[in-house]
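Q: Sequence first, predicted model second:
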Amino acid sequence: MKFEQLLSHFDTGICVDQLQKESLLDIALLFIGVDGEIDESEKQVVYDWAKGLQWNSSIAIEDYLEDSLGKSVLAVQQNDIESFIRHRIHHIVDEPMRKFAKELVVKVIEADGNVDEAEERALAILEAEL
C-alpha cells in the first residue's frame, strides 16, 4: 500500500480491515502448500472465498494471491511455518475474523480429502495463536 493511501485510509478503518484480510489470505494460502504440494482443490477454496472480498488495495487481488502463495511456498520450504503464522495472526485483531481463520484453514486442508501430519501440526500452531 502506498504511503499516501495509508494516510488517507488510516482514520476510516480501511487500513486495519485490509491488513486483516491480507493476513487471513496469507494464512489460508500457507495451508494450501503446508503439506509440500499445491493442490488445486485446496487452492480453489481460498480463491473462491477471496472473490467475495471487498478488496481495498492498489494491488489487484489476483496479483496479491499469486505473490502471497509464492511467499507461503517459500515459508514451507524454509521450515518457517510457525513464524509465518504468528506474524500474520498478530494482524488479525477482530475475534470473529480470528475464529473464521481456523474455519477457512480447516476447509482448505480438508478440500483434497487428505489431512496429513504437516497440516495437523500447522493447524495446532494456528490454534495455539488464537
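A: That came through, no problem. Computed from a predicted structure; not experimentally measured.
Q: Quick one: mean pLDDT for stretch 107-125?
A: Mean per-residue pLDDT for stretch 107-125: 96.
Q: What is the distance between that stretch and the centre of its chain?
A: Put simply, stretch 107-125 sits 14 Å off its chain's centre (C-alpha atoms, centre = their mean, to the nearest Å).
Q: just stretch 105-114 next, same as before
A: That offset, for stretch 105-114, works out to 14 Å (C-alpha atoms, centre = their mean).
Q: And it, end to end?
A: Taking C-alpha to C-alpha, to the nearest Å as the measure, stretch 105-114 stretches 13 Å from start to finish.
Q: can you pull the buried residues of it?
A: By neighbour count on 16 or more other C-beta atoms under 10 Å, the buried set for stretch 105-114 is V105, K107, V108, I109, A111, D112. From N, CA and C alone the C-beta is placed, and that goes for glycine too.
Q: out of these, which one sits closest to L19?
A: If you rank the buried residues of stretch 105-114 by distance to L19 using C-beta to C-beta, V105 comes first, at 18.4 Å.
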